[in-house]
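Novice: 3D model of this:
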Amino acid sequence: MSDWIGLLDQSYESNSFTNSGPLAVLAETALSNYLGRDIESMVCSSNTSGLIASLIAFDLQGKKVIVSNNTFAATLHALISVGCLPIIADVNPLTWEIDTESVASILEDNEVGGLLFTRVHGFRRDITPLLDMCESLSIKVLIDSAAAFPARRNEYTAPINYLEVFSFHATKPLGIGEGGAVIGPPELISEVRKASNFGLSKPSSKFEDGINAKMDEFASARLIAGLMNFQDIATKRIEFVNSLSKLFHKSDSIQTALDTGNTSWAFFPIVFPSEDDLIYFQN
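Specialist: Presented below is the predicted three-dimensional model:
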């Protein structure tokens, strides 16, 4: 607790506890330093609020958006809150995520404005082919990476042309209680900031579509402190998962995740061929 309580002295000195206070600014800098120098970060109150602000920034209100049939309810909540029209896509049975072929099939019969891709179970797989296809068709991409904060630093070695949202909820690998962050190119993050502040770009401007998605100084302090030792914690999670993988690979009836990338492992999902196998395993 002392790691983050002491940071609040800056907030008390400035008498600022929200609206991009000093610790929110420091938290965004710390995130960018961890993720990659070319990454622009914006902290927010939750993953859900970050998704909503990002959809507004993409101007996807009233437009069709492809979304996975294997995701958390908040992903759909964000789409419905903004007035998007969800187009549900099947997932690849091996990756449990939307793949390029499923998106291509939907595009044959639908005029789509965006893709909301879920990094299922926090896996950080390479989805470059899908991103390239969307870019070629001018489809805006938002990635729900709620549980997929990278385990190791410098995940992004080049600028990105999409928006990605992380959760810092207590159940996530980098858990601070509640909070989130949106990353992307500076011009898009500027629009997300506007949408996160009731659609205001400055106090004297007129209101446009938006919500209140700002992170307060107390959550920002916890995020800064959490980042300080996150990589050590993630390394221990990876070591534990490696042990579990060796155990479950001995069974022909259990499917484990493939090609998970720089995953920090909020949990270790496994798939059984039938409900009977699952019940037998539980017993």
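Novice: Contacts made by stretch 244-259 with the rest, please.
Specialist: The contact list for stretch 244-259 (CB atoms under 8 Å, 6 or more residues apart in numbering) reads 94-96, 121, 123, 125-126, 268-273, 277, 281. Any C-beta I mention is one placed from the backbone N, CA and C, and that applies to glycine too.
Novice: nearest to Asn47, of those?
Specialist: Set against Asn47, the nearest of the contacts of stretch 244-259 by CB to CB is His121 (14.6 Å).
Novice: list the contacts for Ala148?
Specialist: By CB under 8 Å, 6+ apart, the residues touching Ala148 are Arg119, Gly122, Phe123, Arg124, Phe166, Thr263, Ser264.
Novice: pretty sure the third one is in contact with Thr263, am I right?
Specialist: Same thing as Phe123. Yes: using CB atoms under 8 Å, Phe123 makes contact with Thr263 at a distance of 5.4 Å.
Novice: which residues in the chain form strands?
Specialist: Applying DSSP state E to the chain gives strands spanning 40-44, 64-68, 85-89, 114-118, 140-145, 163-167, 180-184, 255-256, 270-271.
Novice: Report the angle between the longest one and strand 64-68.
Specialist: Between the direction of strand 140-145 and that of strand 64-68, the angle (axes from the mean of the first three to the mean of the last three CA atoms, to 10 degrees) works out to 30 degrees.
Novice: What strands line up against strand 140-145, and which way round?
Specialist: Here strand 140-145 is paired, per DSSP bridges, with strand 114-118 (parallel), strand 163-167 (parallel).
Novice: Repeat that for the last one.
Specialist: If you go by DSSP bridges, strand 270-271 pairs up with strand 255-256 (antiparallel).
Novice: still on that earlier bit, buried subset of the contacts of stretch 244-259?
Specialist: The neighbour count (16 or more other CB atoms under 10 Å) marks Thr95, Trp96, His121, Phe123, Arg125, Phe272 as buried among the contacts of stretch 244-259.
Novice: if I look at Val112, how far off is Leu60?
Specialist: Relative to Leu60, Val112 is positioned 10 Å away (CB to CB, to the nearest Å).
Novice: Equivalent analysis for Lys172, please.
Specialist: 25 Å.
Novice: Same question for Gly114.
Specialist: Here the criterion is CB to CB. By it, Gly114 lies 5 Å from Leu60.
Novice: So those two - more neighbours on which side?
Specialist: Neighbour count, other CB atoms under 10 Å: between Gly114 and Leu60, Gly114 has more, with 25 against 22.
Novice: so the more buried one touches Ile66, yeah?
Specialist: Yes: Gly114 is in contact with Ile66 according to CB under 8 Å; the separation is 7.3 Å.
Novice: so which of the strands of the chain comes closest to Glu217?
Specialist: Nearest of those to Glu217, taken as CB to CB: strand 40-44 at 10.4 Å.
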